[in-house]
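K.L.:
Show me the folded form of this:
(chains A, B, C and D)
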Protein chains: 2
Amino acid sequence: MSKCEQCIVREFSSLKALNKEELLKIADCKSSYTIKKGEAIFSEGENVNGIFCIKDGVCKLSKLSTNGNDQIVKLITKGELLGQRSMISDEPVNLTAIALEDMEVCFIPKAEIMGFFNENNKFSMDIMKAICGDLKEADDHLVNMAQKPVKQRLAETLIYLYDSFGIDTDNSLNIKLSREEIAGMVGTATESCIRLLSDFKKSGHIELSGKKIIITDISKLKRL
Amino acid sequence: MSKCEQCIVREFSSLKALNKEELLKIADCKSSYTIKKGEAIFSEGENVNGIFCIKDGVCKLSKLSTNGNDQIVKLITKGELLGQRSMISDEPVNLTAIALEDMEVCFIPKAEIMGFFNENNKFSMDIMKAICGDLKEADDHLVNMAQKPVKQRLAETLIYLYDSFGIDTDNSLNIKLSREEIAGMVGTATESCIRLLSDFKKSGHIELSGKKIIITDISKLKRL
DNA sequence: GATAAAATATGATAATTGTCATACTATTCA
DNA sequence: TGAATAGTATGACAATTATCATATTTTATC
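P.N.:
The predicted structure is shown next:
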């Protein structure tokens, strides 16, 4: 049983508002899991009854549309929490979380969290603000999906990946996504996504070598 | 100064969690406004510093996309609250609220609400749940926008209007929206919206007489 | 390392959607 | 009332995007 007190990622989420005593309580009731790439942490419709704290790795939050396509709503990474909305609404989760790389996560039961929620004002306020941030993000995202053409959405997705995950030593985006997954973020067909990436390559905005994507001119992408 | 205690719409929002004493406090510090059709309650980027309680009327919550189009994110009606997210995030509002009909609204300053928020657990929990509901709705909406074709989105918008606002004595939808506004909800060009409405008319799904829309076969719309 | 399977790429084509022009209708207001 | 204006409707066309077919490349597996 590792100690939450010494867990660094805690500093990046609402859990930073918890005191020593509360962290000890969590360490006592949490369970740690290793999730392999491609495995689900939870699936749409499941009752989760707690939240996950992402200790390491990245996952995608997606939802199956009635047309059979998976739309990726959001990527969640080290330090973030998962399942807060569902816990507070007291409802099954609305999205599916699947690991994009091997992950380390801790599960904290709802009862424990809700206890802190009622007693630690800073903590509940922090959780609320995080959810409010998600709501604003979702509204903005919605407007983009409804109003911007695929090319622009793809460009903005690449910029988002660059800003959020940075680049590797070879200058390629430091997150591994298949073309199908990128298409799932953009909200388009996989072939359309591939085609536009080829276009971006031809116009010198990016370089492609295998799965790797190198953004050579981010200002060009921003100006699309 | 009207009494919040006797205001019926309060029962439809988180304000129902407030006790007599708290309602008296609100009645004391609130201000009431009449908003004429077409006027803004607030605009994107403004600092609002409180919440609005909709006593009567309907408004649209929209956001201007960089392409110059207004995307309508949500309609808000009698009994609902406005500006909760912004208040909790302590940020300017993210959306513009414009009256679709003459409205009666009350403004309650942030300081007052935040006071109850810290003391009345049921109240803060209710507000949270409302915001969590908005987040779920926004995620679902986003997936629809990204994955469904315009025709299906229009059909679902009409069904939503039917379910939320019902029909008038002449069977027409009990909410007045211009074609441009319907297009703004669907996320398409006004002409495309008009054209598809004509198609729906030709195939006997709806009837159009002037601005009025009558859904003649809702099951057909649902099956699109 | 050879082969199968999966992922990526590209062409051809169709379907969807947007844009611009123009006509028609309803509403406003002098 | 009648002109002006805004809103609705439709045609013609262009641009965008999806779909299906088929290479080509990469990855996985034995």
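
K.L.:
Tell me the pLDDT of the spatially closest residue to residue A:9 that is not a sequence neighbour.
P.N.:
In space, and not counting its chain neighbours, residue A:9 is closest to residue A:79: 4.3 Å by CB to CB, 6 or more residues apart in numbering or on different chains. Any C-beta I mention is one placed from the backbone N, CA and C, and that applies to glycine too. Residue A:79 carries a pLDDT value of 95.

K.L.:
Pull out the buried residues from the longest helix along chain A.
P.N.:
The longest helix of chain A (DSSP state H) is helix A:121-147. Within helix A:121-147, the residues scored as buried using 16 or more other CB atoms under 10 Å in any protein chain shown are A:123-132, A:134-147.

K.L.:
mind checking how far the residue nearest to residue A:9 is from residue B:167?
P.N.:
50 Å (CB to CB, to the nearest Å).

K.L.:
thinking residue A:30 is in contact with residue A:55, fair?
P.N.:
No. Between residue A:30 and residue A:55 there is no contact under CB atoms under 8 Å: 10.5 Å.

K.L.:
quick one, what contacts residue A:183?
P.N.:
Listed by CB atoms under 8 Å, 6 or more residues apart in numbering or on different chains, the contact set of residue A:183 reads A:189, A:190, A:192, A:193, A:194.

K.L.:
if we can go back for a sec, overlap in contacts, residue A:30 and residue A:55.
P.N.:
The contact sets of residue A:30 and residue A:55 overlap at residue A:106 (CB under 8 Å, 6+ apart).

K.L.:
Figure out the helix or strand that residue A:197 lives in.
P.N.:
Using DSSP states H and E, residue A:197 falls within helix A:190-202.

K.L.:
Can you name every helix or strand that that helix contacts?
P.N.:
helix A:150-165, helix A:179-186, strand A:206-209 (3 or more CB pairs under 8 Å, 6 or more residues apart in numbering or on different chains; DSSP states H and E).

K.L.:
quick one, which of these is nearest to residue B:158?
P.N.:
Closest to residue B:158 of those, according to CB to CB: helix A:150-165, at 25.9 Å.

K.L.:
Can you check what angle separates the closest one from helix B:121-147?
P.N.:
130 degrees (axes from the mean of the first three to the mean of the last three CA atoms, to 10 degrees).

K.L.:
picking up where we left off before, which of the helices and strands packed on helix A:190-202 sits most buried?
P.N.:
Sort the helices and strands packed on helix A:190-202 by mean neighbour count, taking mean count of other CB atoms under 10 Å in any protein chain shown, and helix A:179-186 sits at the top with a mean of 21.

K.L.:
ok, residue A:79 - contacts?
P.N.:
Neighbour list for residue A:79: A:9, A:10, A:11, A:12, A:13, A:54 [criterion: CB under 8 Å, 6+ apart].

K.L.:
in the helix or strand hosting residue A:62, what counts as buried?
P.N.:
Using DSSP H and E, residue A:62 sits in strand A:58-64. Residues of strand A:58-64 classed as buried: A:58, A:59, A:60, A:61, A:62, A:63 (neighbour count, 16+ other CB under 10 Å).

K.L.:
For residue A:175, what are phi and psi?
P.N.:
Per-residue torsions, residue A:175: phi -150, psi 130 (degrees, to the nearest 10).

K.L.:
circling back to that earlier point, which other helices and strands contact the strand holding residue A:62?
P.N.:
Going by 3+ CB pairs under 8 Å, 6+ apart, strand A:58-64 lies up against strand A:70-77, strand A:96-99, helix A:179-186, helix B:121-147.

K.L.:
hmm, the last one touching chain A?
P.N.:
Spelled out, it's helix B:121-147. Yes. Counting by CB under 8 Å from any CB of the partner chain, chain A has neighbours in helix B:121-147: B:121, B:124-125, B:128-129, B:131-136, B:138-147.

K.L.:
thinking again about what came up before, could you measure from the residue nearest to residue A:9 over to DNA strand D?
P.N.:
Look at residue A:79 and DNA strand D: by CB to the nearest atom of the strand, to the nearest Å, they are 27 Å apart.

K.L.:
and if you look at residue A:174?
P.N.:
Residue A:174 is 16 Å from DNA strand D, where distance means CB to the nearest atom of the strand.

K.L.:
quick one: contacts for residue A:14?
P.N.:
For residue A:14, the contact set (CB under 8 Å, 6+ apart) comprises A:81, A:84, A:123, A:126, A:127, A:130.

K.L.:
same deal with residue A:60?
P.N.:
Per CB under 8 Å, 6+ apart, neighbours of residue A:60: A:72, A:74, A:75, A:76, A:97, A:98, A:100, A:181, A:184.

K.L.:
could I get the residues you listed as TSV with distance to residue A:157 and pLDDT?
P.N.:
Below are these laid out as TSV (distance: CB to CB, whole Å; pLDDT from 0 to 100):
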residue	distance to residue A:157	pLDDT
A:72	9	98
A:74	12	97
A:75	10	98
A:76	16	97
A:97	19	97
A:98	18	96
A:100	14	96
A:181	10	97
A:184	10	97
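
K.L.:
Closest to chain B out of the buried residues of strand A:58-64?
P.N.:
Distance to chain B, by CB to the nearest CB, is smallest for residue A:63 among the buried residues of strand A:58-64, at 4.8 Å.

K.L.:
so which of the contacts of residue A:60 comes closest to DNA strand C?
P.N.:
Among these, residue A:181 lies closest to DNA strand C (CB to the nearest atom of the strand), at 7.7 Å.

K.L.:
from memory the closest one sits against residue A:72, does it?
P.N.:
Yes. Checked against CB under 8 Å, the pair residue A:181 and residue A:72 is within contact range at 6.5 Å.

K.L.:
Spell out whether the longest helix of chain A and DNA strand C are in contact.
P.N.:
No. Helix A:121-147 stays clear of DNA strand C (CB under 7 Å from any atom of the strand), getting no nearer than 8.1 Å.

K.L.:
Output the set of residues of chain A in proximity to chain B.
P.N.:
Contact residues (CB under 8 Å from any CB) of chain A with chain B: A:63, A:65-67, A:69, A:71, A:73, A:85, A:88-91, A:94-95, A:118, A:121, A:124-125, A:128-129, A:131-136, A:138-148, A:186-187.

K.L.:
cutoff 6 Å now
P.N.:
Counting by CB under 6 Å from any CB of the partner chain, chain A comes close to chain B at A:63, A:65, A:67, A:69, A:71, A:73, A:85, A:88-89, A:94, A:128-129, A:132, A:134-136, A:138-139, A:141-143, A:145-147, A:187.

K.L.:
Please name the residues that touch residue A:207.
P.N.:
Shown in contact with residue A:207 (CB atoms under 6 Å, 6 or more residues apart in numbering or on different chains): A:214, A:216.

K.L.:
Kindly give the local confidence score, pLDDT, for the closest residue to residue A:70 other than its chain neighbours.
P.N.:
Nearest residue to residue A:70, sequence neighbours excluded (CB to CB, 6+ apart): residue A:62, at 4.7 Å. pLDDT recorded at residue A:62 is 97.

K.L.:
Wait, residue A:62 touches residue A:96, no?
P.N.:
Yes. The pair residue A:62 / residue A:96 is scored as a contact, 5.3 Å apart, by CB atoms under 6 Å.
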